[in-house]
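S.K.: One predicted model, sequence on top.
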Amino acid sequence: MLLIRYRRLFSVFFMLLLFSGTLSGQVGSIHLKGIVYDAENKAIDGASVFLLDAADQVIQQGMSASDGSFDLPANPGKYHLLVSYIGYTQYKSELLNLTRDEHLQQIILHNLGHKLAEVAIKGEKAKDLIQADGRKLIYNVAKSINAQGTNALEVLRKTPGVMMVGRENTLTLNGMNGALVLINGKQTYLQSQELVEFLKSIPSSGLKSIEIIKNPSSEYDASGTGGIINIVLQKSALTGFSGAINNGVAYGVTLKQNTDLNFNYRKDKLNVFGSYNHAFGHFGYQYNNDRKQDGKTYISPTDDVDKRKTMGSTFGADYDLDDRQSLGMVFNGGFIYGGGLTNTTTSITDDASGNLLQTLKGTNDYYQQNSNRYNANFNYKYKDTLGRIFSFDADYGYFDAGSKNLQPNIYYGPDGALTSQSTYRTLNGRNINLYAISANYQTNLWKGKIYAGAKFSAVSADNDFNFYQVLNTDLLDINSSNFFKYKEQIAAGYLKYEGAITKKLSYDVGLRTENTHAAGNLIPVTGSSQSPSNIVRNYLDFFPSAALTYKSAQSGTFNLTYAKRIDRPAYKDLNPFETMLDELSYWKGNPFLQPQYSHSLSLQYSYKKTTGNLSYTYVDDLRQQITEVRDGNQIIMIPRNLGTQRNLSFSLSRQLTINRWWEVSLFGLVSQLHNKINTNQFGSYDLKRVSGTINAQQSFKLPLKVSAEIASIFNSKSLFGPNGIMEANSQVDVGLQKNILKDKGSLRLAVTDIYNGQQWNMDINYNGFYQRSTFRGEFRQVKLNFVYRFDHKNTNPKKEHHSGLSNENQRL
């Protein structure tokens, strides 16, 4: 029904697609020429030559002649040149801005049987750990020894500018909340808890890179006021049958084991791929939530053991119908199951006398937990030699999760005598259905390119919460149980045009519109004193974006970008139902939450191996979780729109080659966060704080095919949440890797968080209320991994998988 409701929106965009496609035929072709040689300056006959767009999609292809020359016709635009020949290194140029015929200087491919020398002009050596590409800052995970043998969630902790805080893994990017996490350009549409579980099911060995995009263009969904974090997965470009298997063990407090296997078969028009992974073992946490309230002090240390296991799998295929058309499908699943146990002891003392008043011992026995995620994607792509590309994606996803928890609470007097006890059982179930369709089109227009697309997505989530008092039997508490149903539908469309003003100066401008319809329905249990609640939201938003790029081989590249973005409330945050965490603390949603919006301006400069970025972001209707006091001894955590936030940041990354065996990657970030908030209970606050982050990674090439790595992170004291002050923390990891079995195998040994520095200690101080939270996880581990690769030497450009749940990779 909603597709019909927004038919005018879709019609306008597709009329523009047809109009632009008609004009594209009027654009004349230009030519990219060059000559391919080997290291002995001999011409290579029959080398494969490909012209790729910024998303590595093949636009044109050919072969070198007997004299090594090639000539590729193209339309004006930005392209990579890829040259490959069996038994030789591959050449890939940087992004070329073609506005007229261009003849490259000689391209040299090196025989794989000899020691590699410098790649020729405009060639590409091994990727740096951190590199800039247009709007993106790219962290090449595959280069890091210490990033192996773990999962995507733990790799995010090591990503420059990213911080994951506490047991809930609250994510910040450059000091700000609200970043959108994509997988291969896809939205996951999962809430924070489900997203964390999903990331745990992705092995780090399957990651290619993590892209940080501060101000995405209009092709991307507008969600994410803090920017976008795009996790790019590995995919083989080899012909024939290839793959790898990775087995590892880790030990921190307990033993852990991980395995992941992937394969790829590519022949002629068919490509089939798949993977399997699992991670078994317990993970421990220790945290405190202490507070001073109403003349009393509450000290609450907690020991937490997560006993869940994770498994994941993927299967997919691509088929080229002809030189212009291809079909693809991908199926994947992620599964988490197992138990968990927390033990909390809360000591309550009188501030005036210092005497112990009462002790509460609470246990949360999660004797059953499970989450299952299934996704299916169907995709079609058309591309021709005139620069026209059309893609269509259809997606379906299903997520179901549940937990069963037994919660005894025992109170003791100051003399240690038992005073009272109670036991509760909670049964919680979540079911989420995800649907999306999208279509994207690009073509040459005038002297540039136009991009257009439309998308419809729908989320349907059911949350069933049943709370029991355990007496002689389980008695359902109808006033503490409920069913919450949430539906959200977003219809979107975008237009973007990019062109060149001069050979060095280019631009793009775009506009995205998104219409959101959301409805939440709280359904109490029959006979409950609760009242039904129905939340309906409808809003239409426009999100402009723009970029101006100046690129010169002598002076480097300047990128000036702007974007407006949105962060919608999570469906669980809109549920007005109150959930008991223990008998002294509760959590409750807020049905009056509004979306928060951001305007961000960023200037990035890149020259050779140095990149600097200066950004300013303004957030309105800032949404944060706040702790409030009630009934003297209880606290309740609730999300609210509190005010505004300003973030001014400067980051600098530098790749250094000290000598042939020692390379260093440095990243530094300085930011000022300014929160102006107004609370219902504690008054208004105007808070500013400057904070900094330093990431340093050193790589060493040692004798006997051994490589070593030292990675370190330091985060200074910072402002977190509405007015929390986070203490400084740090981490140092070391790793060794040795290639064996004719370089088809690798042994990796790593020690992470050597001195247990990855801890989060935070103080929150309101008028009459003080809270201190501490957190430490089992991050200090010894990890041993063995990787074996089976592959061939022949490479072909790979097809990138995009989805109706995603935006295409950035095309600059």
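M.R.: All right, it came through fine. Numbering: from 1, shown residues only.
S.K.: pLDDT-wise, which helix or strand of the protein ranks last?
M.R.: Among the helices and strands of the chain, helix 7-24 carries the lowest confidence by mean pLDDT, DSSP states H and E, at a mean of 40.
S.K.: Thr310: what's it in contact with?
M.R.: Thr310 is in contact with 151, 197, 200-201, 277-279, 334-336, counting by Cβ atoms under 8 Å, 6 or more residues apart in numbering. Using the backbone N, CA and C atoms, a C-beta is placed for each residue, glycine as well.
S.K.: With Val525 instead?
M.R.: With Cβ under 8 Å, 6+ apart, Val525 has these contacts: 476, 478, 481-483.
S.K.: Can you tell me which of these is nearest Asp464?
M.R.: The shortest approach to Asp464 among these belongs to Phe483, at 5.2 Å (Cβ to Cβ).
S.K.: quick revisit: tell me which entries of the contacts of Thr310 lie within helices.
M.R.: 197, 200 (DSSP state H).
S.K.: Make JSON lines out of the contacts of Thr310 and add neighbour count, distance to Val670 and pLDDT.
M.R.: Shown next, in JSON lines, are those (neighbours: other Cβ atoms under 10 Å; distance: Cβ to Cβ, whole Å; pLDDT from 0 to 100):
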{"residue": "Asn151", "neighbour count": "22", "distance to Val670": "30", "pLDDT": "82"}
{"residue": "Glu197", "neighbour count": "21", "distance to Val670": "33", "pLDDT": "75"}
{"residue": "Lys200", "neighbour count": "23", "distance to Val670": "31", "pLDDT": "79"}
{"residue": "Ser201", "neighbour count": "23", "distance to Val670": "35", "pLDDT": "76"}
{"residue": "Asn277", "neighbour count": "23", "distance to Val670": "38", "pLDDT": "92"}
{"residue": "His278", "neighbour count": "17", "distance to Val670": "41", "pLDDT": "93"}
{"residue": "Ala279", "neighbour count": "24", "distance to Val670": "36", "pLDDT": "92"}
{"residue": "Gly334", "neighbour count": "22", "distance to Val670": "37", "pLDDT": "89"}
{"residue": "Phe335", "neighbour count": "18", "distance to Val670": "42", "pLDDT": "92"}
{"residue": "Ile336", "neighbour count": "22", "distance to Val670": "38", "pLDDT": "91"}
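S.K.: So which residues of the stretch 501-650 of the chain form strands?
M.R.: For the stretch 501-650 of the chain, the strands defined by DSSP state E, counting those that start in this stretch cover 505-524, 533-552, 556-567, 578-582, 585-588, 596-607, 610-630, 634-659.
S.K.: Then the stretch 201-350 of the chain?
M.R.: Going by DSSP E, counting those that start in this stretch, the stretch 201-350 of the chain shows strands at 207-213, 228-233, 240-251, 255-267, 270-281, 283-293, 296-299, 301-306, 309-320, 325-350.
S.K.: Grab the nearest non-local neighbour of Asn151.
M.R.: Lys200 (5.0 Å; Cβ to Cβ, 6 or more residues apart in numbering).
S.K.: what's the answer for Arg430, then?
M.R.: Ala401 (4.7 Å).
S.K.: How about the secondary structure of that neighbour?
M.R.: strand (DSSP: H, G, I helix; E, B strand; the rest coil).
S.K.: Just the pLDDT for it.
M.R.: pLDDT for Ala401: 89.
S.K.: next one: Leu642
M.R.: pLDDT at Leu642 comes out at 93.
S.K.: Check Lys235 too.
M.R.: For Lys235, pLDDT reads 71.
S.K.: tell me which residues of stretch 372-381 are tucked away?
M.R.: 373, 375-379, 381 (16 or more other Cβ atoms under 10 Å).
S.K.: To clarify, my last question referred to stretch 412-423.
M.R.: Neighbour counts over stretch 412-423 (16+ other Cβ under 10 Å) mark Tyr412 as buried.
S.K.: now that stretch, how far from the centre of its chain.
M.R.: 46 Å (Cα atoms, centre = their mean, to the nearest Å).
S.K.: What's the end-to-end length of it?
M.R.: 15 Å (Cα to Cα, to the nearest Å).
S.K.: Give the burial count for Asn355, as a bare number.
M.R.: The local packing of Asn355 (other Cβ atoms under 10 Å) involves 9 other residues.
S.K.: Surely it is in contact with Ile348?
M.R.: No. Asn355 is not in contact with Ile348 according to Cβ atoms under 8 Å; the separation is 10.1 Å.
S.K.: didn't Glu514 look like it was pressed against Glu488?
M.R.: No. Using Cβ under 8 Å, Glu514 makes no contact with Glu488, being 11.4 Å away.
S.K.: can you pull the contacts of Ser48?
M.R.: When contacts are counted by Cβ under 8 Å, 6+ apart, Ser48 is found next to 61, 63, 83-85, 796.
S.K.: Chain neighbours aside, what residue packs nearest to the residue nearest to the spatial centre of the chain?
M.R.: Central residue of the chain (Cα atoms, centre = their mean): Val181, 3.2 Å from the mean position. Closest residue in space to Val181, ignoring its immediate chain neighbours: Ile229 at 5.0 Å, by Cβ to Cβ, 6+ apart.
S.K.: what residues are up against the one you found?
M.R.: Counting by Cβ under 8 Å, 6+ apart, Ile229 touches 156, 159, 162, 171, 173, 179-182, 210-213.
S.K.: would you list those residues in CSV and tack on distance to Ile450?
M.R.: Formatted as CSV, the contacts of Ile229 follow (distance: Cβ to Cβ, whole Å):
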residue, distance to Ile450
Leu156, 35
Thr159, 33
Val162, 34
Leu171, 34
Leu173, 30
Ala179, 29
Leu180, 25
Val181, 29
Leu182, 24
Ile210, 30
Glu211, 24
Ile212, 27
Ile213, 21
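S.K.: Now tell me which of the residues you listed the prediction trusts least.
M.R.: Leu171 (80).
S.K.: Show me what it bridges to in the sheet.
M.R.: Beta-bridge pairing of Leu171 under DSSP bridges involves Met164.
S.K.: I figured it hits Leu156, correct?
M.R.: Yes. Between Leu171 and Leu156 a contact is recorded at 7.3 Å, counting by Cβ under 8 Å.
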